[in-house]
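[1] build me a model from this:
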Amino acid sequence: MLKLFSSIERVTIVALLAALAYATYQIVIIENELKEANKKITTKSLEIDNLTMQAEFLTQSVKLTEKQNAKLISERNTLSRLNNAYQLEVSSLTSSLHKTQTEINKLRESSDEAIKTWANDSVPCDAVRLLKYARASECDKDGGTDRVRVPSTAGRISIKL
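    A predicted model of the protein is given here:
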């Protein structure tokens, strides 16, 4: 029986050694899987940090773009108001021009012969040359050196040579 018992003990010891070897093998596999999982977690954590920084950058970019968009809308509105004012001024000037041209035509067709002759006479060439080649500093001695003062009903003289 002692032999049998020693045989059972041997089998038990061998079985325990095999179980210990299998458990050690499983622990090594689990530790390797744990290391791989930790590496994945670290990699994913870095990816999350990178994506978080990208999200913050994109948020800042969107805010900046919204500010620029608001500024552009404001500038567009300002340009629209300026354009409307310009169109009103052009309309006003066009109306004034037509009114002045009508008055000039009335002068040219006047029943008074002296006024009719004066309105239909052309400007002498010497006067045209003086206006064309006059220097601004010599035009007006009372301090306004930026314009030539010529009285006219149209407010403008159009001279073609």
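
[2] moving C-terminal of whatever helix or strand residue 22 lives in, what's the next helix or strand?
    Element membership for residue 22, per DSSP states H and E: helix 2-108. Counting by DSSP H and E, the next helix or strand C-terminal to helix 2-108 is helix 113-120.

[3] pull out the buried positions in that following helix.
    residue 119 (16 or more other CB atoms under 10 Å). Every C-beta, even on glycine, is put in place using the N, C-alpha and C of the backbone.

[4] show the low-confidence segments of the chain, by residue range.
    Applying pLDDT under 70 to the chain flags the ranges 1-5, 123-124, 126, 131, 133-161.

[5] the same query, at a cut-off of 50, please.
    1-2, 145-146, 148-155, 159-161 (pLDDT under 50).

[6] okay, the angle between the helix holding residue 22 and helix 113-120?
    Between helix 2-108 and helix 113-120, the angle comes out at 150 degrees (axes from the mean of the first three to the mean of the last three CA atoms, to 10 degrees).

[7] please compute how far helix 2-108 lies from its chain's middle.
    On the basis of CA atoms, centre = their mean, to the nearest Å, helix 2-108 sits 22 Å off its chain's mean C-alpha point.

[8] tell me which other helices or strands that helix touches.
    Judged by 3 or more CB pairs under 8 Å, 6 or more residues apart in numbering; DSSP states H and E, helix 2-108 is in contact with helix 113-120.
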